[in-house]
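Q: Everything below, folded, please.
(one chain, ligands or ions: 1)
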Amino acid sequence: MRFPHDFLFGAASAAYQVEGAWNEDGKGVSNWDVFSKIPGKTFEGTNGDVAVDHYHRYKEDIKLMAEMGLESYRFSVSWPRIISDGNGEINPKGLEFYNHLINECLDYGIVPFVTLYHWDLPQVLEEAGGWTNKKTVDAFVKYATACFKAFGDRVKHWITFNETIVFCSLGYLDGAHPPGISNDPKRYFQATHNVFVAHARAVEEYKKLKQYGEIGITHVFSPAFPVDDKPENEEAAYHANQYSLAWFYDPVLKGAYPEYVVRRIREKGWEPDWTPEELSFLKWAAPKNDFIGLNYYQPQRVIKHDPDAESGPASREAVTGAPGKVSFDGVYKTVRMEDKKYTKWGWEISPEGFLDGLRMLKAAYGDIKLYITENGLGDQDPIENGEIVDVARIQYIEEHLKAVKQGIREGIHLKGYYAWSVIDLLSWLNGFKKQYGFIYVDQQNHLARKKKLSFTWYKQVIANRGGDI
Ligand code: BGP
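A: Sure, this is the predicted structure:
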């Protein structure tokens, strides 16, 4: 079986992780520009001031993507580049950069797939309460509408937000992303609710413009499975899926929050300030959402947490994705299992978990259109005789594409696959050593680009529409 002709083979990036040019051409300061410079927050103090200089080298990069045969490039727009203080004047130079980027893609026949919010919030808004402040919702709708009007004649695929659970939980529960707040479930749930309202309002504005493209949201997709069939661990996995899947998918796809979670957060006093108008608006907007993007890296293996056990603060690895973390409400814990495979950063490699998760999603939400908007292997790639021989990445992507193919066979509505990432880039908290790209960036040699082995491999996969997978 080959992948259908309207299935998009792509690869992804995000503005802060690739662009650099953090203070050029009228760009405002983002929360990440500030946060990454606080000592101890990122690996070896790395930041996105220069990143991989995509801002100045996008032509060279897109030429390489075209050589790879890439059908679609998922990138994000930096909000402070478009509106420096988040809510004021539009910066013409910001629009100009993305116009060039989009046009360059289209000149090569590469479909631009645009994310509006991949975590870089204008600092002025962060200081006014960030996503816990409902004024940020209004500002986002204004920014999103400016993007639709400026780019919507050529961009027909829009993602409003990337991974609400990650920027809200790392921002308000783990203190590891801006605004760096720990253990504040009340603010965490408020931020997530405000994001869903912002998403729904952006969808409404987009539909009003009648640009006839599609719009959706991207969530991280980490389905939870119990480590065994003990009832307490099965309950723990159910709880994990309610809090980390249903809470994020239900308001967008069903227009209502899961009762299981609502009941519990009400008891704890963590219920957000949500108005009846907002709740009915979510219900009204849900059928207008066109698709869901899934970022899949790994499943969660879950056990019930013993509340009397010492847990202590989670390690840096656990905060950034490795198992070994107690849930913020103390109900369950993610664990590493002897019989599973893991990356160098401790993330499980599980194409089976991917397929099982996709089946779980279909059972819960029916025939919703899906794009895999991120999937890939973070590795320190081996270099032999000057060649980057990232065989492990090839194996990883091949196994996951097999799962996608099987999903399509089973009638799961999958319309595209975006490898993370198109080019080596800055990992938010893990610096430049954790590589994901098809294109290598030489940090010792003026950020020179070089094709990896996976580049040639992915090129063949695309040319053959995955016939050999
Ligand atoms: C996702 C983010 C990406 C990317 C990826 C890999 O959660 O959407 O931006 O960073 O994870 O994560 P890491 O860089 O921590 O390995």
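Q: how about the strands in the stretch 251-400 of the chain?
A: 291-295, 300-304, 332-334, 341-342, 348-349, 370-374, 383-384, 387-388 (DSSP state E, counting those that start in this stretch).
Q: Ignoring the adjacent residues along the chain, who's closest to the single nearest residue of the chain relative to the ligand?
A: Residue nearest to the ligand within the chain: Ser427 (3.1 Å; C-beta to the nearest ligand atom). (Glycine included, C-beta is placed from N, CA and C.) Counting by C-beta to C-beta, 6 or more residues apart in numbering, Ser427 lies nearest to Lys434, which is 4.4 Å off, once chain neighbours are set aside.
Q: hey, what's Val111 bridged with?
A: The bridge-partner assignment for Val111, based on DSSP bridges, gives Ser72.
Q: And it, how far from Asn233?
A: To Asn233, Val111 is 43 Å away according to C-beta to C-beta, to the nearest Å.
Q: still on that earlier bit, got a pLDDT number for the residue nearest to Ser427?
A: Lys434 carries a pLDDT value of 96.
Q: Could you find the closest non-adjacent residue to Gly466?
A: Gly466 sits nearest to Phe3 (C-beta to C-beta, 6+ apart), 4.4 Å away.
Q: Secondary structure element holding that neighbour?
A: Using DSSP states H and E, Phe3 maps to neither a helix nor a strand.
Q: That one contacts Lys405, correct?
A: Yes: if you go by C-beta atoms under 8 Å, Phe3 and Lys405 touch, sitting 7.0 Å apart.
Q: Mind listing the shared neighbours of these two?
A: Common neighbours of Phe3 and Lys405, counting by C-beta atoms under 8 Å, 6 or more residues apart in numbering, are Gly466.
Q: Out of these two, name the residue with the larger neighbour count.
A: For the pair Phe3 and Lys405, the greater number of neighbours falls to Phe3 (22 against 19), based on other C-beta atoms under 10 Å.
Q: tell me the contacts of that one?
A: Applying C-beta under 8 Å, 6+ apart, the residues near Phe3 are Phe9, Lys405, Ile408, Arg465, Gly466.
Q: Alongside the ligand, which residues does this structure contribute?
A: Contact residues, the chain versus the ligand (C-beta under 6 Å from any ligand atom): 14, 17, 162-163, 166, 220, 295, 320, 374, 378, 420, 427-428, 430, 434.
Q: on that earlier part again, verify the stated contact: the residue nearest to Ser427 with Asp381.
A: No: using C-beta under 8 Å, Lys434 is not in contact with Asp381, being 10.2 Å away.
Q: Neighbours of Asp468, how many?
A: Counted by other C-beta under 10 Å, the residues lying close to Asp468 total 9.
Q: Val50 too?
A: So Val50, with other C-beta under 10 Å, has 14 neighbours.
Q: what's the pLDDT at it?
A: pLDDT, Val50: 97.
Q: Could you confirm it falls within a helix?
A: No: counting by DSSP: H, G, I helix; E, B strand; the rest coil, Val50 is located in no helix; its state is coil.
Q: how much space is there between the spatially closest residue to it that is not a sequence neighbour and Gly48?
A: Excluding its sequence neighbours, the residue lying closest to Val50 (C-beta to C-beta, 6+ apart) is Gly20, at 4.1 Å. Using C-beta to C-beta, Gly20 is found at 7 Å from Gly48.
Q: Name the residue in these two with the higher neighbour count.
A: Gly48 (25 against 22).
Q: Run through who's touching the helix or strand of the chain with the lowest mean pLDDT.
A: Ranking every helix and strand in the chain by mean pLDDT, DSSP states H and E puts helix 316-319 at the bottom, with a mean of 83. With C-beta under 8 Å, 6+ apart as the test, helix 316-319 has contacts from Leu170, Asp174, Ala176, Gly324, Lys325, Thr334, Trp345, Gly346, Leu429.
Q: Give me the pLDDT value at the fourth one.
A: Looking at Gly324, its pLDDT reads 93.
Q: That one contacts Met337, doesn't it?
A: No: counting by C-beta under 8 Å, Gly324 does not reach Met337; the two are 11.5 Å apart.
Q: Show me the shaky parts of this protein.
A: Low-confidence segments of the chain (pLDDT under 70): 311.
Q: how far is the longest helix along it from where the chain is centred?
A: As assigned by DSSP state H, the longest helix anywhere in the chain is helix 185-208. Taking C-alpha atoms, centre = their mean, to the nearest Å, one finds helix 185-208 lying 16 Å from the centre of the chain it belongs to.
Q: how far off strand 370-374 does whatever helix or strand comes next after it point, in degrees?
A: Per DSSP H and E, the first helix or strand lying C-terminal to helix 185-208 is strand 214-220. Angle, strand 214-220 to strand 370-374, by axes from the mean of the first three to the mean of the last three C-alpha atoms, to 10 degrees: 50 degrees.
Q: other SSEs contacting the longest helix of the chain?
A: Where contact means 3 or more C-beta pairs under 8 Å, 6 or more residues apart in numbering; DSSP states H and E, helix 185-208 is packed against helix 134-151, strand 157-162, helix 164-172, strand 214-220, helix 247-253, helix 259-268, helix 276-285.
Q: can you tell which of those is closest to Phe35?
A: In terms of C-beta to C-beta, the element of the helices and strands packed on helix 185-208 nearest to Phe35 is helix 164-172, at 9.5 Å.
Q: in the closest one, what counts as buried?
A: Neighbour-count burial for helix 164-172 flags Thr164, Ile165, Val166, Phe167, Cys168, Ser169, Leu170, Gly171, Tyr172 (criterion: 16 or more other C-beta atoms under 10 Å).
Q: cool, and stretch 258-275?
A: Buried residues in stretch 258-275 (16+ other C-beta under 10 Å): Pro258, Val261, Arg264, Ile265, Trp270, Glu271, Pro272, Trp274.
Q: first to last residue in that stretch, what's the distance?
A: 17 Å (C-alpha to C-alpha, to the nearest Å).
Q: what does that stretch contact?
A: So stretch 258-275 is contacted by 185-186, 188-190, 192-194, 242-243, 246-247, 250, 329 (C-beta under 8 Å, 6+ apart).
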